[in-house]
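Chemist: All I have is the shape, not the residue letters:
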């Protein structure tokens, strides 16, 4: 690093549209931005030391003040290498004061904020329609990427619209992200199925900060047995998801087969993401994002694919910058199954579009990855029939065969013996 252009950590903090970072940076003891995938609203907190007796007087920030925040890593790897993190827009939600000397914490939440508590009964309406109605009420945009379901009745009781929608999404296994005047609703389990796009050697990125890993599993759940009762019927019906090795019993899973299926999928996802949790902190300025999947290795049998749940960016009063990551395991080396049975061997040449049936087949992120990101079963197709280091690219959608760009149409790589 050329000392003439030292790396710097800066911030853009806009208050009602005016960048005040240059005025306040000498007072800031800590700046924290929390990026959460679901279940909580993103937050932006500033801890200031009131040296000049400004913050309780002429600089006092009112609740409801609009803040806009970005983090800049300047000249990070070399001159001109500037990395921005757009934290979003927030409203000041609360202030806390401690003294003496005076320290003030300014807490703000991503727009749209929680709002007032409401009571409302929703009847004969889809989940997406409830979400759209709430977004219309809050004056924000809705992006909906999950299964939809018509509900006979759903009660909102003394809950803010945001909290009610969070709880509704959680019940059906959906994630909900609040960011820059938009509410995004998506399928959490489907999000975990996206192949990691980046691989990191964990010991190389955590410096001396260390990491923690908690393994709480007694064994991964393999399925769900759900009971539901169709409206007008006195008899319960059963829906089974997955296999019977280790089942989750789920009672009163709704009034239709579709609702039972969605709730069963949600129950299986929630149970399994709680099994293995990884936490670490890096000071290297590596961009991590909640809702994204990464492959971490260098941690033995716990190497594998992880889904990031929360990222906390912190700027200290000395100008230091750290990123703390919390993630759950998706597919680990320790859970790798024995090589699939010989029934996976396919007949015929490995040509573009060839249909293959897989059962417990390891799927890799690249042609040279040492560990699979997951194991797949079902019908797949060879993307182009080309051999890359003894592996073939595959897709589960026949319409993706041969399409470009490759990254948008390939599920991953399989060993040639399965093709």
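Modeler: That came in fine, so what should we check first? These numbers come from a predicted model, not from an experiment.
Chemist: Closest to the centroid, which residue in the protein?
Modeler: residue 291 (1.8 Å; CA atoms, centre = their mean).
Chemist: Spatially nearest residue to that one (excluding sequence neighbours)?
Modeler: Nearest residue to residue 291, sequence neighbours excluded (CB to CB, 6 or more residues apart in numbering): residue 37, at 4.4 Å. Using the backbone N, CA and C atoms, a C-beta is placed for each residue, glycine as well.
Chemist: Also residue 231?
Modeler: residue 255 (5.0 Å).
Chemist: Can you classify the residue nearest to the centre of the chain by secondary structure?
Modeler: coil (DSSP: H, G, I helix; E, B strand; the rest coil).
Chemist: hang on, it packs against residue 175?
Modeler: Yes. If you go by CB atoms under 8 Å, residue 291 and residue 175 touch, sitting 7.1 Å apart.
Chemist: what sits in contact with each of these two?
Modeler: By CB atoms under 8 Å, 6 or more residues apart in numbering, residue 291 and residue 175 have these common neighbours: 37, 38, 186, 191.
Chemist: now the stretch 101-250 of the chain, which segments are flagged as low pLDDT?
Modeler: Within the stretch 101-250 of the chain, the set of residues satisfying pLDDT under 70 comprises 112-115, 217-219.
Chemist: Just the helices from it, written as ranges.
Modeler: 127-138, 161-171, 188-192, 202-205 (DSSP state H, counting those that start in this stretch).
Chemist: Same list, those, but as CSV with mean neighbour count and distance to residue 211 please.
Modeler: Below are those laid out as CSV (neighbours: other CB atoms under 10 Å; distance: least, CB to CB, whole Å):
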stretch, mean neighbour count, distance to residue 211
helix 127-138, 18, 36
helix 161-171, 20, 28
helix 188-192, 19, 21
helix 202-205, 16, 6
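Chemist: Dump those into a markdown table; add distance to residue 276 as well.
Modeler: Output for those, formatted as a markdown table (distance: least, CB to CB, whole Å):
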| stretch | distance to residue 276 |
| --- | --- |
| helix 127-138 | 30 |
| helix 161-171 | 21 |
| helix 188-192 | 13 |
| helix 202-205 | 14 |
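Chemist: I figured residue 254 hits residue 267, correct?
Modeler: No. The pair residue 254 / residue 267 is not scored as a contact, 11.8 Å apart, by CB under 8 Å.
Chemist: Neighbour count: those two, which is higher?
Modeler: residue 254 (24 against 19; other CB atoms under 10 Å).
Chemist: tell me the contacts of the closest residue in space to residue 229 that isn't next to it in sequence?
Modeler: Leaving aside its sequence neighbours, residue 229 sits nearest to residue 236 (CB to CB, 6+ apart; 5.1 Å). By CB under 8 Å, 6+ apart, residue 236 lies in contact with 227, 228, 229.
Chemist: filter the residues you listed to the buried ones?
Modeler: Burial by neighbour count, 16 or more other CB atoms under 10 Å: within those this picks out 228, 229.
Chemist: Inside strands: which ones of the contacts of residue 236?
Modeler: 227, 228 (DSSP state E).
Chemist: TSV for the contacts of residue 236, including distance to residue 44?
Modeler: Formatted as TSV, the contacts of residue 236 follow (distance: CB to CB, whole Å):
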residue	distance to residue 44
227	44
228	42
229	46
